[in-house]
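**Q** Sharing a model that was predicted from the sequence below.
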Amino acid sequence: MKANVFPLLRLMSLAMLYAGAAIVVIQAAWITYGVGVRYILNSPDGMVTEATALLLVPVAFLGVSYALLNHSYPKVSLIRDRLPKGIQFWVDKFNMLVMLMVGSFFLAASSKAMFKSISSGAASEILLWPRFYFWIPVVIALLSFCITALCMLIWGDPPEEENTTTLDEDIHSQDAA
C-alpha cells in the first residue's frame with residue numbers, strides 16, 4: 001500500500017504546488033498592472049490590493065504537503081543527531097506526530113471558516129467574491145498535508161523517486177552517439 005499511496009501524494013502535492021505558483025504569477029502581474037495604472041495613468045485600480053491579499057491565503061498553504069514530502073522544513077537536529085539511532089527514530093516519530101497535530105488544528109480551523117463562509121454567504125468587501133472560494137484550496141491543502149503526515153508517521157519517509165538514468169549515464173550515452 002505504501003508503494004501506491006506516496007506516488008499519489010507526490011502527484012497531488014505537486015499539482016497544488018503548481019496551482020500556488022500560478023496564483024503567484026497572477027498576483028505579480030496584477031500588482032504590476034496596479035502600480036502601472038496608478039503611477040503612469042494616474043488612475044488607481046481599487047481591486048488590486050484586496051484581490052492580491054485574498055489570494056495570499058491559499059498560496060500560504062498550497063505548498064505545505066510538497067515541503068513535507070521533500071523534507072523542506074527547517075530542522076534543528078543538533079541534539080537529535082547525537083542520540084542513538086533507536087532514540088532518533090522515536091524523536092522523528094514524535095516530531096511527525098506534532099506536525100500532524102498542528103496540521104489537524106489548522107485543518108479544523110480552516111474547515112470551520114469555510115463552512116461558516118458558505119452558510120453565511122460572506123463576501124470580500126470590495127470585490128464581492130465569496131470568501132469560501134479562498135478557503136476551499138486551504139482546506140484541500142491542509143487535508144493533503146495531514147494525510148501525508150499520517151502516512152509518514154505510520155510508514156516513515158516516502159521511498160525515493162526512481163530515476164531511469166543518472167546524469168553520468170546521460171552524458172556517456174550522448175558521447176557514444
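**A** On my side now, so go ahead.
**Q** Enumerate every residue touching the residue nearest to P158 when sequence neighbours are not counted.
**A** In space, and not counting its chain neighbours, P158 is closest to F6: 4.0 Å by Cβ to Cβ, 6 or more residues apart in numbering. In this view, the C-beta of every residue, glycine as well, is placed from N, C-alpha and C. Taking Cβ atoms under 8 Å, 6 or more residues apart in numbering, we find F6 in contact with L69, C151, W155, P158, P159.
**Q** any idea how far S144 is from F6?
**A** 13 Å (Cβ to Cβ, to the nearest Å).
**Q** For F134, give me phi and psi.
**A** Backbone geometry at F134, expressed as degrees, to the nearest 10, gives phi -90, psi -20.
**Q** Spatially, what comes nearest to it if we skip its sequence neighbours?
**A** V57 (5.0 Å).
**Q** Tell me if I am right that that neighbour is in a helix.
**A** Yes - judged by DSSP: H, G, I helix; E, B strand; the rest coil, V57 forms part of a helix.
**Q** How many neighbouring residues does it have?
**A** A total of 17 residues lie near V57 under the criterion other Cβ atoms under 10 Å.
**Q** picking up where we left off before, how near is the residue nearest to P158 to P159?
**A** 6 Å.
**Q** By neighbours, which of the contacts of F6 wins?
**A** Most surrounded of the contacts of F6: other Cβ under 10 Å gives L69, at 22 neighbours.
**Q** give the contact list for that one.
**A** By Cβ under 8 Å, 6+ apart, the contact set of L69 is F6, L9, R10, S13, T148, P158.
**Q** go on, T148?
**A** Contacts of T148 by Cβ under 8 Å, 6+ apart are L9, S13, S65, L68, L69.
**Q** how does it look with 6 Å?
**A** Each residue near T148 by Cβ atoms under 6 Å, 6 or more residues apart in numbering is listed here: L9, S65, L68.
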